[in-house]
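S.K.: based on what follows, work out the 3D shape:
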Amino acid sequence: MTPCSGEDHTRGGLVSESGSSFGDLVELQVPASSAYLTVLRTTAARLAARIGFTLDEIEDLRIAVDEAGAMLLPLAVPGSNMHCSFQLHTDILDVVVSVPAAQTDLPSRDSFAWTVLSALAGEVASRAEDGRVSIMLRKKRG
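M.R.: You can find the predicted model right below:
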């Protein structure tokens, strides 16, 4: 799964949100702290609503984004930032959550948290490269 076409997802801040809902890329960078997971959850919910997800689909995505962030926090380099990108499509929202990590151990696919992610988001993948660990989520509408 390549949710965001292999683009560089290490830039920070809000990069773009054009007038069109489809194909937009929204990127956030927040401190790697549980206190800021709410920012990612709220952004995920608003963007999912924008492309017509149902209330249940929005809630599932909110929980999945929160869980992905929570799984990455223990891996984050202290004092670093968590990066999250949201790629909007007609019926799909791709989310990539990543942190810089000293140890690039991927989250276990056998864990309860991974099972929850898969059930809520549909497609889930992880990768470790260039000193970052990422979790990719793909939530489809309908």
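S.K.: what residue ranges in the chain score low on pLDDT?
M.R.: Within the chain, the segments meeting pLDDT under 70 span 1-22.
S.K.: now the helices for it?
M.R.: 37-50, 55-72, 112-121 (DSSP state H).
S.K.: among those, which comes closest to Thr104?
M.R.: helix 55-72 (11.4 Å; C-beta to C-beta). Using the backbone N, CA and C atoms, a C-beta is placed for each residue, glycine as well.
S.K.: got the CA coordinates for the closest one in CSV?
M.R.: Only the C-alpha atoms of helix 55-72 are listed here, as CSV (Å, rounded to 0.1, in the frame of the first residue of the first chain):
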residue,chain,number,x,y,z
LEU,A,55,-20.7,9.3,11.3
ASP,A,56,-19.7,5.7,12.1
GLU,A,57,-16.9,5.8,9.5
ILE,A,58,-15.7,9.1,11.0
GLU,A,59,-15.6,7.7,14.5
ASP,A,60,-13.8,4.6,13.3
LEU,A,61,-11.2,6.8,11.6
ARG,A,62,-10.8,9.0,14.7
ILE,A,63,-10.1,6.0,16.9
ALA,A,64,-7.7,4.5,14.3
VAL,A,65,-5.7,7.7,14.0
ASP,A,66,-5.5,8.0,17.8
GLU,A,67,-4.4,4.3,18.1
ALA,A,68,-1.7,4.8,15.4
GLY,A,69,-0.3,7.8,17.2
ALA,A,70,-0.4,6.0,20.5
MET,A,71,1.5,3.1,19.0
LEU,A,72,4.2,5.4,17.7
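S.K.: is it true that Ser134 touches Pro100?
M.R.: No: if you go by C-beta atoms under 8 Å, Ser134 and Pro100 don't touch, sitting 10.6 Å apart.
S.K.: neighbour count winner among the two?
M.R.: Remark: of Ser134 and Pro100, Ser134 carries more neighbours, 24 against 19, as counted by other C-beta atoms under 10 Å.
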